[in-house]
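*Asks:* Task: produce atomic coordinates for the following.
(chains A and B)
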Amino acid sequence: KQEVTQIPAALSVPEGENLVLNCSFTDSAIYNLQWFRQDPGKGLTSLLLIQSSQREQTSGRLNASLDKSSGRSTLYIAASQPGDSATYLCAVFISNFGNEKLTFGTGTRLTIIP
Amino acid sequence: DTGVSQDPRHKITKRGQNVTFRCDPISEHNRLYWYRQTLGQGPEFLTYFQNEAQLEKSRLLSDRFSAERPKGSFSTLEIQRTEQGDSAMYLCASSPRPTGGSFNYGYTFGSGTRLTVV
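*Replies:* Down below sits the predicted model:
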């Protein structure tokens, strides 16, 4: 059974700092990995999608890496801003005999201190 | 198309009542998924449709839960005889048909329906 772990569960950093969020998964047979952002009481906003054949993806101040063999992904946020405060979730997509599933971690709750 | 729409945004119901939620996916997406999220946890898979066919159901989806996607467009999730443990955020997502060798183009989620059972 695929398990996804995110460490730390919560993180507070001063505005302007660079930071890294970690995601690990137990089964390396994934097709892709997606990072999401979730504001309190809201739905999920997709940030970055990395296919299993890719090593990283970038969007603005965000950079996500994927090391499929070691079961790890990181989300790097540069020059953090108070608006980055949210919960960040990683999820891996697997497909097994036609059954498709996105399995989520429990998230990292990020607070950027002005 | 403005994305995945879910209705209602919030629902408060008494224990034992039935509730129904609706999800309208992005129009060209043929895959539709339902997830449930409780406080402090990541979303958990409930079920998914490819067009109108329900292809997988989680063990989390008890007999009191039923989902449909008539004509492969919008979907409904019904919970019968609600229990306090059903209180959660119910999230819907859709994904396009994969082409060109790529297996999945990623999910787009709606804003969710927050259910409170009192």
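
*Asks:* If we ignore the residues flanking it in sequence, what's nearest A:Ser80?
*Replies:* Counting by C-beta to C-beta, 6 or more residues apart in numbering or on different chains, A:Ile112 is the residue found nearest to A:Ser80 once chain neighbours are left out, at 4.8 Å. The C-beta positions use only the backbone N, C-alpha and C, and glycine is treated the same way.

*Asks:* Packing partners of the longest strand along chain A?
*Replies:* Criterion DSSP state E: the longest strand present in chain A is strand A:86-96. Under the contact criterion of 3 or more C-beta pairs under 8 Å, 6 or more residues apart in numbering or on different chains; DSSP states H and E, strand A:86-96 touches strand A:4-7, strand A:19-25, strand A:32-38, strand A:72-77, strand A:99-104, strand A:108-113.

*Asks:* what does chain A have sitting close to chain B?
*Replies:* A:4, A:31-32, A:34, A:36, A:41-46, A:49, A:51, A:89, A:91, A:93, A:95, A:98-107 (C-beta under 8 Å from any C-beta of the partner chain).

*Asks:* could you flag which of these are buried?
*Replies:* A:4, A:31-32, A:34, A:36, A:42-44, A:46, A:49, A:51, A:89, A:91, A:93, A:100-107 (16 or more other C-beta atoms under 10 Å in any protein chain shown).

*Asks:* Rank the helices and strands of chain A by mean pLDDT and give me the bottom one.
*Replies:* Every helix and strand in chain A was compared by mean pLDDT, DSSP states H and E; the lowest is strand A:99-104, with a mean of 84.

*Asks:* could you give the angle of that strand to strand A:19-25?
*Replies:* Here the directions of strand A:99-104 and strand A:19-25 differ by 140 degrees (axes from the mean of the first three to the mean of the last three C-alpha atoms, to 10 degrees).
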